[in-house]
Each structure stands twice: as C-alpha cells, then as structure tokens.
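1. Sequence plus predicted model, see below.
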Amino acid sequence: MKKVLLQGIFFILFGHYSFGQISLFGQAYGGGAHNEGEVFQLCEKAGSWSYRDLYDFPSCASNSSPTYCSCEGQGTLFLASNKILYGVGDNGGSHWQGMIFSENPATGTYTDLYSVSNSPYLNYFMQPVPGGKLFGLGTYGGASGNGNVFTWNYNTNTYSDLHDFAGQPNDGESPSQSTLLWYRDTLYGITSAGGNLLGSCNNGYGTLFSLDTNGVRFKILFNFANGCTGSPNTGSYPQGSIAEAAGPSGHPCIYGVCYADGANGAYIGSIWQYDLSTYTYSDIHDFTGSTSGDGAEPSGGLILASDGNLYGTCPAGGNSNSNGGFGTYSTGYGTLFKINPSTHAFSVVHTFQGGTTDGDFPSGSVIQASDGNLYGMCEFGGTGGSGDGIAYQFVIASSTFNVIYNFASPNVYEPVWNNFAASTTSLCDVLPISLLSFSGNYSMNTRSTDLAWATETEISNHYFFIERSTDGINWQTIDTTAGSGNTSSTKYYTTIDPHPPVGTNYYKLIQEDFDGHKQTCNVIPVFVPSPKVTTLYPNPVSGTLNIDGDNLQSILIYNMLGQTIWAGNATDSKISVDVSSFPNGLYIVQTTDKTGNTTMLKFTKQNTGQVR
C-alpha cells in the first residue's frame with residue numbers, strides 16, 4: 001500500500017467561470033521544515049505556476065507538552081468568505097487526537113483554534129450555509145469513535161458536534177476521505193463502513209445519509225454491500241466527494257463512487273446514482289481494472305463540470321503496464337474519466353503514464369477552476385526528486401492534458417487524497433513581502449548604479465538578493481541584503497553596483513523566506529552610457545589648452561623631467577589651462593576623475609609662429 005503523505009490541495013476560487021489568476025492551497029502530511037507537513041500555495045500568473053510555503057507544522061516529538069502541537073496536518077483546507085484558510089489535522093491538539101487551525105495567507109499568521117477529542121482524519125471542511133459555519137467530518141470522532149459530523153463557526157470560534165455515528169448495524173461508520181454535499185437545505189454524506197448487515201455480509205460496507213444543518217433529522221438513505229449472498233451487488237466502501245445532477249429521468253440525483261467491488265470483483269470499484277425523488281439506488285458503471293483501460297479503485301469521488309459531465313479519477317488501472325492501486329489488484333498508473341449523468345455514457349479522457357513526463361496514482365478527484373479547466377494531482381511521477389508527484393491541468397475544450405507543477409522533497413511530496421474546491425482569487429498577489437518600489441539610477445559622478453527598494457509589509461523575510469544581467473538570460477548575484485523578518489512598517493533598502501557594464505543592465509530583486517523558498521519580486525532596466533574619452537585641444541598649443549573629459553576632478557601637468565609645473569581641480573567635465581608661459585616642448589597631462597580613474601595624455605607647447 002502506498003503511504004499517504006499529502007492531503008488534498010484546495011483550489012479556491014470566487015465567482016463564476018471567468019479568466020484570472022488561480023490560487024491553489026494545500027495541506028501536506030509530510031514535508032516542510034520538520035517533515036511534519038505544511039500549508040502551501042500554488043499560484044498561476046500568465047500561464048506560469050509558482051510555489052509558496054505558508055506554514056511548516058512543528059515537530060511533536062520535540063515538544064514536552066502536546067498542547068496544540070500541530071504535527072501531521074492531515075486533512076483539507078477551506079478558504080472562507082473572510083479570506084482565511086481553515087483546516088483540520090489528525091494529530092496534535094491538547095489530546096494529540098486532532099485540531100482545527102487557521103492560516104491567513106495575506107499575513108502569514110497561523111493559529112491553533114480548537115483541540116478535538118478524536119481525529120478528523122482525512123476529511124474536509126465545507127460551508128453550505130451563511131453565518132460563518134464550516135461543516136466537517138471526523139473519521140474517528142464522536143462518542144463511540146465511529147466518526148461524527150461537526151461544525152466550526154469562525155465568527156464565534158465555537159465547535160458543535162451535530163451527529164455521532166454509531167456504526168453497524170443501524171448507522172454508518174468511518175467517513176473516510178469524504179465530503180458533505182449541501183442540497184436544498186439538507187446535508188448529504190457517505191461513510192466508508194457501517195450500515196446494515198445485508199444478506200450474508202458480516203460487515204457493513206458503508207452508507208449514504210442525510211442530515212439537516214442543525215443535526216436533528218438524520219436518516220440512512222442507503223446501505224452499501226459487497227455482493228454477499230442475498231444482498232445486491234452495489235459496490236462497497238464509498239469514498240470521496242459526492243455530486244448532485246439531474247439523472248436520466250430528470251430527477252435530482254446524488255452521484256458517487258465505490259472504492260471496491262462492483263460487478264467485476266474485489267477492489268475494482270463502481271460509479272453509483274441515488275435518485276432523491278424515487279429513493280432508488282443504481283449501479284451505473286462498473287470499472288474493469290486494466291483490462292479495458294478504464295481504471296480501478298476510485299477514491300476521490302466526482303465533480304459536476306460546466307459541460308454537464310461528471311469527472312473523477314482512478315488511482316489504478318488504465319492501459320499502462322505497471323503495478324498500481326492500494327490492494328494491488330490492478331495494474332496501471334490510473335485514469336481521468338467522465339460520465340454523463342443523463343445518459344450514463346462513460347469514457348476515459350486521460351490515461352496516466354507515470355515516469356518523468358506524467359503522473360502516477362491520481363487518488364483524488366479534480367476541480368474545475370474559473371478558467372474552465374480541470375485541476376488535480378498525482379501522488380507519484382514527475383521530475384521532482386524520485387517522482388514525488390505532480391499537479392496537472394485538463395483543458396475540457398481541447399481535451400488537452402498538461403503537467404503544471406512537479407512536487408519535490410523536502411518540501412511538498414507525494415500528494416494524495418486531493419479533493420478540491422475552486423475559483424479565481426487575487427491571493428496570488430499576496431506575497432511574503434509587499435513591495436512598494438524598486439528603482440535604479442546610474443551616477444555619472446561615481447560611475448556606479450544606485451539601487452533602492454521599499455517594502456510595506458514583510459512575512460518571514462530572510463534575505464534579498466540583487467542579480468544583474470546584460471541579456472536578461474544569464475544572471476549574476478551582486479549583493480545580498482538581510483530582510484526584516486516580520487514587520488508591518490515600511491522598510492527602506494539600498495545597495496550599489498560599483499562596476500556596471502556599459503549598455504543596458506537588468507537588475508532582479510529576489511526575496512527568500514526563512515525556509516529557503518525564493519521568489520522574484522521585480523526586474524528593472526538601467527542604462528549605463530559609454531564613458532567620455534578625455535581629450536586635449538588644440539594640440540600643439542600656444543596659449544590656452546582645453547582639457548575635456550568625464551567627471552574630471554584633478555589635473556596635473558608634468559614636464560619631461562617629471563616635475564609638476566601645474567596642478568588644479570576641475571569644477572566640471574571641462575577645464576582650460578593657460579600654457580602660454582610654458583617653455584616650448586613636450587608635456588604630460590594626468591587627469592583623475594571622481595571615481596579615481598586616471599589618464600595620461602601628451603601635448604606640445606609651441607610659439608604662435610610655430611603652431612601649424
């Protein structure tokens with residue numbers, strides 16, 4: 001079984017489908033500065049994706065007290081209307097059994113909010129109703145440890161337990177990797193175990209349930225079974241996100257996946273439909289593993305996209321010849337598929353190939369962002385480290401698949417269980433520093449470039465680096481300046497490039513966090529003119545000698561015996577010296593500019609009648 005190391009990234013978007021920057025927030029079970037997980041962000045600007053570490057969970061082993069030790073932040077994130085991220089972790093808290101926390105991406109502020117008594121392992125926040133309530137599922141929470149439904153009100157910072165699962169035979173158990181669906185003022189959800197022992201089944205294999213938002217009216221809508229004698233062949237262990245769409249009859253239906261069983265055997269899986277008008281369950285697609293290349297063991301669930309199709313992933317199966325899947329019952333690197341809820345027409349839209357150019361093991365589902373594209377992740381594959389996973393994009397309009405980011409240890413690696421939420425947000429502009437200005441000016445007096453920048457705020461800012469390039473391609477670091485760490489007051493910085501080349505120079509300002517992550521803040525051009533060549537005229541001369549140069553400061557005139565016969569200072573780039581009283585002969589002029597550079601030039605003194 002492949003080790004679970006990263007909980008799902010959340011792509012958080014606001015508004016309807018429109019183009020804009022896309023910000024992706026994720027919570028890692030592994031990686032980070034202490035290898036205890038982290039909260040991170042992926043941002044897209046003009047087609048380019050960048051990574052930012054928002055918070056590294058501390059090591060629990062290094063703490064003498066478990067109070068709010070937030071190691072192993074396993075769970076998911078939700079970006080609420082106040083633009084604060086909320087998440088759950090399966091370890092930490094005052095009981096080391098889980099906690100609720102918040103992270104402000106605008107300020108970098110992390111806060112432990114609440115310690116739960118049993119882990120909200122592998123589950124997700126969602127906000128179905130106004131008023132600041134976030135709804136979540138705990139896999140091992142509740143009075144009996146069979147899991148629970150809970151709320152967190154971020155306006156009042158209060159926790160409420162809505163329902164404690166009692167387990168088989170009359171209730172569900174262990175809502176693993178599950179989300180809640182809010183439809184017509186009712187919550188719908190699934191548990192991966194529990195329920196009635198149908199036919200000859202010795203265990204409950206999951207439930208579909210409904211619950212009002214006050215936790216009063218709870219009902220088991222359907223009990224899953226694995227084809228035990230006397231029970232329907234429904235599939236078992238429902239997991240992942242569920243979606244609502246109109247079915248073939250036009251009735252509203254709930255759609256989801258079963259991780260195991262179905263018509264084609266153990267650990268293959270199926271897609272199901274539950275009609276909310278007729279209260280009937282239907283098995284609408286049975287996966288076949290790698291035989292026909294359609295996938296196996298779906299665990300991320302389904303989402304309804306704008307083209308009217310349901311999309312999901314299988315972490316195993318497909319037509320690739322490789323080992324795959326938790327139960328190792330299937331081969332293949334996995335598939336991305338779609339199914340039409342009205343016709344039940346099914347097709348694979350991408351078969352993962354693994355290796356360095358594609359992903360492997362897409363255990364979570366996908367989301368549709370405001371650009372109309374689907375986004376998801378694979379636990380393995382890609383160029384990072386030893387194949388530490390990828391983030392990918394699927395363009396529905398052209399059926400084009402793109403790898404957009406390669407994860408690599410020791411930061412984020414092996415993303416898994418990645419269910420998402422999605423929209424456009426300006427939070428891509430929230431950086432570790434808020435840059436007010438960055439400017440450069442070449443000084444003719446010093447023949448150097450003066451660089452200056454100012455920040456309005458800084459978050460975990462360790463260093464600034466200044467790099468210079470003459471072609472915009474090859475860069476050289478010319479200065480390193482310490483940052484101000486965390487500050488909300490304006491800070492000013494300056495540095496000098498003492499020897500800039502002639503021509504256009506490009507200067508890049510780079511910022512580095514304390515955890516070593518770097519980002520480019522701005523690039524500016526500064527033009528350096530060619531220095532003026534010092535000249536003497538007329539030459540030969542009988543009366544006034546003109547000395548014309550660049551940034552001249554001092555002048556010395558020597559005879560051929562090396563004796564100084566005149567000395568003076570230049571007030572600008574040109575000076576005139578009366579040499580009419582000098583004896584005829586050859587002389588040397590030494591000029592020194594304001595940067596200390598000297599030149600040696602010769603002139604001839606002749607009487608007027610001799611000058612030609």
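-> Noted; the coordinates are in hand.
2. where's Y154 relative to G142, distance?
-> For Y154, the distance to G142 (Cβ to Cβ, to the nearest Å) stands at 22 Å. The C-beta positions use only the backbone N, C-alpha and C, and glycine is treated the same way.
3. Can you verify my assumption that P500 contacts R468?
-> Yes: if you go by Cβ atoms under 8 Å, P500 and R468 touch, sitting 7.2 Å apart.
4. Give me the neighbour count for the residue nearest to G194 when sequence neighbours are not counted.
-> For G194, ignoring the flanking residues on the chain, the nearest one in space by Cβ to Cβ, 6 or more residues apart in numbering is E173 at 3.1 Å. Residues near E173, counting by other Cβ atoms under 10 Å, number 25.
5. ok, what's across the strand from E173?
-> A193 (DSSP bridges).
6. What is the burial count for G568?
-> Neighbour tally, G568, other Cβ under 10 Å: 12.
7. for N264, that is, sorry about that
-> Neighbours of N264 using other Cβ under 10 Å come to 17.
8. for N35, same thing?
-> Counted with other Cβ under 10 Å, the neighbours of N35 add up to 18.
9. next one: A345
-> Look at A345: counted by other Cβ under 10 Å, it has 11 neighbours.
10. same question, A266
-> 13.
11. D171 contacts N146, correct?
-> Yes: using Cβ under 8 Å, D171 is in contact with N146, at 7.4 Å.
12. what's the overlap in contacts for the two?
-> By Cβ atoms under 8 Å, 6 or more residues apart in numbering, D171 and N146 have these common neighbours: 165, 194.
13. For D450, grab phi and psi.
-> phi -90, psi 120 (degrees, to the nearest 10).
14. Contacts only, for the nearest residue to it once chain neighbours are set aside.
-> Distance criterion Cβ to Cβ, 6+ apart; nearest residue to D450, sequence neighbours excluded, is N441 at 5.1 Å. By Cβ under 8 Å, 6+ apart, the contact list for N441 reads 449-450, 526.
15. go with 10 Å
-> If you count contacts by Cβ atoms under 10 Å, 6 or more residues apart in numbering, N441 has them with 448-452, 526.
16. Pull up the overlap in contacts between P500 and R468.
-> By Cβ under 10 Å, 6+ apart, the residues touching both P500 and R468 are 440, 449, 478, 507, 526.
17. Just send those back as CSV, with pLDDT, distance to E379 and neighbour count too.
-> Converted to CSV, these look like this (pLDDT from 0 to 100; distance: Cβ to Cβ, whole Å; neighbours: other Cβ atoms under 10 Å):
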residue, pLDDT, distance to E379, neighbour count
G440, 93, 45, 22
T449, 94, 48, 23
I478, 95, 41, 19
Y507, 92, 41, 25
V526, 91, 46, 18
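18. hmm, back to that, can you give me the pLDDT of the residue nearest to G194?
-> Listed pLDDT for E173 reads 92.
19. I'd like the distance from it to D164, if you could.
-> From E173 over to D164 (counting by Cβ to Cβ), the distance is 11 Å.
20. for A567, same thing?
-> 97 Å.
21. the more surrounded of these two?
-> Higher neighbour count among A567 and D164: D164, with 21 against 11, using other Cβ under 10 Å.
22. wait, doesn't the more buried one sit right on G138?
-> Yes: shown here, D164 and G138 form a contact pair, counting by Cβ atoms under 10 Å, at 9.3 Å.
23. what is in contact with the two at once?
-> 118, 145-150.
24. right, and out of the residues you listed, which lies closest to D283?
-> Nearest to D283 among the shared contacts of D164 and G138: G147, at 24.9 Å, using Cβ to Cβ.
25. May I have the phi/psi pair for the nearest residue to that closest one once chain neighbours are set aside?
-> Spatially, and ignoring its direct neighbours in sequence, G147 is nearest to F165 (4.4 Å; Cβ to Cβ, 6+ apart). Per-residue torsions, F165: phi -70, psi 140 (degrees, to the nearest 10).
26. now the stretch 101-250 of the chain, which segments are flagged as low pLDDT?
-> Within the stretch 101-250 of the chain, the ranges that satisfy pLDDT under 70 run 117-130, 198-200, 202, 227-233.
27. related to what we said a few turns ago, and the residue nearest to G194, what does it touch?
-> Neighbouring residues of E173 by Cβ under 10 Å, 6+ apart: 139-140, 142, 144-147, 165-167, 191-195, 203-204, 206-207.
28. By neighbour count, sort out the buried ones in those.
-> Buried residues within the contacts of E173, counting neighbours by 16 or more other Cβ atoms under 10 Å: 139-140, 142, 145-147, 165-167, 191-195, 203-204, 206-207.
29. Only alpha carbons, please: show stretch 266-274 as CSV.
-> Output of stretch 266-274 as CSV, limited to C-alpha atoms (Å, rounded to 0.1, in the frame of the first residue of the first chain):
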residue,chain,number,x,y,z
ALA,A,266,-12.9,-7.1,-5.4
TYR,A,267,-11.0,-3.8,-5.4
ILE,A,268,-12.2,-2.7,-8.8
GLY,A,269,-15.0,-0.3,-7.9
SER,A,270,-18.1,1.3,-9.4
ILE,A,271,-20.0,4.6,-10.0
TRP,A,272,-23.4,4.9,-8.4
GLN,A,273,-26.5,7.1,-8.6
TYR,A,274,-29.2,7.7,-5.9
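30. ok, back up a step: give me the subset of the shared contacts of D164 and G138 lying in strands.
-> Per DSSP state E, strands hold the following members of those: 148-150.
31. Tell me the one of those nearest A296?
-> V149 (29.8 Å).
32. Report the separation between that closest one and F78.
-> Distance from V149 to F78, counting by Cβ to Cβ: 15 Å.
33. Between these two, point out the one with more neighbours.
-> For V149 versus F78, neighbours defined as other Cβ under 10 Å are more numerous around V149 (26 against 22).
34. how far does the helix or strand containing I565 sit from the chain's center?
-> Element membership of I565, judged by DSSP states H and E, is strand 564-569. Centroid separation for strand 564-569 versus its chain: 66 Å, with Cα atoms, centre = their mean, to the nearest Å.
35. who does that strand touch, helix- and strand-wise?
-> strand 552-558, strand 574-578, strand 585-593 (3 or more Cβ pairs under 10 Å, 6 or more residues apart in numbering; DSSP states H and E).
36. strands paired with that strand, and their directions?
-> strand 552-558 (antiparallel).
37. Can you point out the buried residues in the strand it pairs with?
-> For strand 552-558, the neighbour count (16+ other Cβ under 10 Å) marks 552-553, 555-558 as buried.
38. can you redo the residues you listed as TSV with distance to T331 and pLDDT?
-> Formatted as TSV, these follow (distance: Cβ to Cβ, whole Å; pLDDT from 0 to 100):
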residue	distance to T331	pLDDT
L552	80	84
Q553	79	84
I555	86	92
L556	86	94
I557	90	95
Y558	89	95
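39. between those, which is closest to A391?
-> Out of these, the member with the shortest distance to A391 (by Cβ to Cβ) is Q553, at 58.9 Å.
40. Ignoring the adjacent residues along the chain, who's closest to that closest one?
-> Leaving aside its sequence neighbours, Q553 sits nearest to K594 (Cβ to Cβ, 6+ apart; 4.9 Å).
41. Let me see the backbone angles for that neighbour.
-> According to degrees, to the nearest 10, K594 has phi -70, psi -10.
42. Distance check, it against N461.
-> Separation of K594 from N461 (Cβ to Cβ): 35 Å.
43. what about the two, which has more around it?
-> More neighbours surround N461 than the other of K594 and N461, with 23 against 16 (other Cβ under 10 Å).
44. Enumerate every residue touching that one.
-> Each residue near N461 by Cβ under 10 Å, 6+ apart is listed here: 108, 431-433, 455, 482-487, 491, 511-514.
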